[in-house]
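fold the following, please.
(one chain, ligands or ions: 1)
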Amino acid sequence: LRTPVLVTGGAGYIGSHAVLALRDAGWPVAVVDDLSTGFRAAVAKDVPFYEGDIADGELLARIFVEQEIGAIMHFAGSIVVPESVADPLRYYGNNTAKSRALIAAAVAHGIGHFIFSSTAAVYGAPDHSPVDEETPAAPINPYGRSKLMTEQMLADTAAAHEINYGVLRYFNVAGADPQGRAGQSTAGATHLIKVACEAATGRRDGVAIFGTDYETPDGTGVRDYIHVSDLVAAHVLLLERLIAEPEASLTMNCGYGRGFSVSEVLDAVERVAGTEIARRTEARRAGDPGELVSDPSRIRSTLPWEPRNDDLDTIVRHALEWERMRTD
Ligand code: UDP
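Reported below is the predicted structural model:
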């Protein structure tokens, strides 16, 4: 029953945690990663590792056969909103065109199940909060559009071919493996908790708050921060579900359903780190909505998902522990 799973982007932040979660649950795993932002050392030595491009059909064909792959978890992609505004074609290339090639290879080789890392950015700047999956997708930046197009390709493909899919729309993923086996090593990271932890450990000079004039309680952006280990646990449960019900595909938010502002996050990092972080105010960042919080009703009623780290200080503590272990 536990078919081998190909994890794309398995050397990256979320992918490396997914590899741990799958192996912890007894699934055979292989990784494909081009190491553009990931690290070879993020993947255990005994996991079959293929360095290369997810759009390389010959490479994929070889992996599918050699590893007897039956399912794909697709994490490889670009994830920085402002970068997508500055360089949209890179996002449509990395996230949309390469996903198309991967999906095509999956169909050609009869891979039965496909789980895709999507994003709350598909909702754009919704006029209500929290957002459920019935909220019409209306992305406001190329990143969100590049991911939404992949969702749409999957839906059309599953309607026409013998494959089912699970889409998880991630809210703000943060933290690190509680056992310290993995964390976020991304160079030049831009995500708030990572940036704040770098500042707290002296690797960075304070934190810029991008916008203090949002329509939120304290004027700074509000997000639903989810612990990476809870996020990847949802993927493993979703995979079991896709295999048990091959006719059904699912699209679900993956968040806890509560929001914290930038100021609250910085307070938490200061509290956990026991140090002050210099804060400066800057203009809003291009493409940033004011508030994005998940309505998690669907995932909670569909999967037996029991988050273990639904606590901002726990997320920050694990992120900080990883940051302090860095030797580079
Ligand atoms: N943010 C900030 N300073 C930073 C990084 C992020 O004020 O150095 C804010 C950002 O404007 C947003 C929230 O923190 O309101 C989360 O941004 P992040 O880049 O972590 O994730 P996103 O929601 O853009 O995917």
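
rest of the way, CA atoms for contacts and neighbours
Noted.

how about the helices in the stretch 51-200 of the chain?
For the stretch 51-200 of the chain, the helices defined by DSSP state H, counting those that start in this stretch occupy 57-67, 81-86, 88-91, 98-108, 142-160, 192-200.

turn those helices into a markdown table, including mean pLDDT and distance to the ligand.
Shown next, in a markdown table, are the helices of the stretch 51-200 of the chain (pLDDT from 0 to 100; distance: least, Cα to the nearest ligand atom, whole Å):
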| stretch | mean pLDDT | distance to the ligand |
| --- | --- | --- |
| helix 57-67 | 98 | 29 |
| helix 81-86 | 93 | 6 |
| helix 88-91 | 98 | 14 |
| helix 98-108 | 98 | 20 |
| helix 142-160 | 98 | 10 |
| helix 192-200 | 97 | 4 |
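
which of those is buried the deepest?
Of all those, helix 192-200 carries the top mean neighbour count, a mean of 23, counting by mean count of other Cα atoms under 10 Å.

then that one to CSV, C-alphas only?
These are the backbone C-alpha positions of helix 192-200, laid out as CSV (Å, rounded to 0.1, in the frame of the first residue of the first chain):
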residue,chain,number,x,y,z
LEU,A,192,9.0,37.2,8.3
ILE,A,193,9.8,34.6,11.1
LYS,A,194,13.0,33.5,9.4
VAL,A,195,14.1,37.1,8.9
ALA,A,196,13.2,38.0,12.5
CYS,A,197,15.1,34.9,13.8
GLU,A,198,18.2,36.0,11.8
ALA,A,199,17.9,39.4,13.4
ALA,A,200,17.6,37.9,16.8
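
show residues contacting it.
Helix 192-200 is contacted from outside by 174-175, 184, 189, 204-207, 262, 265-266, 269-270, 273, 275-277, 316, 319-320, 323, using Cα atoms under 8 Å, 6 or more residues apart in numbering.

how about the helix or strand following it against the ligand, any contact?
In the C-terminal direction, the helix or strand that comes right after helix 192-200 (DSSP states H and E) is strand 207-210. Yes: using Cα under 6 Å from any ligand atom, strand 207-210 reaches the ligand at 207-210.

try stretch 121-130
No: judged by Cα under 6 Å from any ligand atom, stretch 121-130 stays clear of the ligand, getting no closer than 7.3 Å.

so for that stretch, mean pLDDT?
Averaged across stretch 121-130, pLDDT comes to 94.

list the buried ones in it?
121-126, 130 (16 or more other Cα atoms under 10 Å).

now, the contacts of helix 192-200 that are in strands?
174, 207 (DSSP state E).

returning to that earlier point: using TSV, lay out the helices of the stretch 51-200 of the chain together with distance to L22.
Formatted as TSV, these follow (distance: least, Cα to Cα, whole Å):
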stretch	distance to L22
helix 57-67	15
helix 81-86	28
helix 88-91	28
helix 98-108	20
helix 142-160	23
helix 192-200	24
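
buried ones only from the residues of strand 207-210 next to the ligand, please, as a PyMOL command.
A single PyMOL command selects the buried members of the residues of strand 207-210 next to the ligand (16+ other Cα under 10 Å):
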select buried, resi 207+208+209+210
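
interface residues of this structure facing the ligand?
Neighbours of the ligand within the chain, by Cα under 6 Å from any ligand atom: 81, 172, 190-192, 195, 207-210, 221-222, 262, 285.

so which of the buried residues of stretch 121-130 is the closest to the ligand?
Closest approach to the ligand among these (Cα to the nearest ligand atom): A121, at 7.3 Å.
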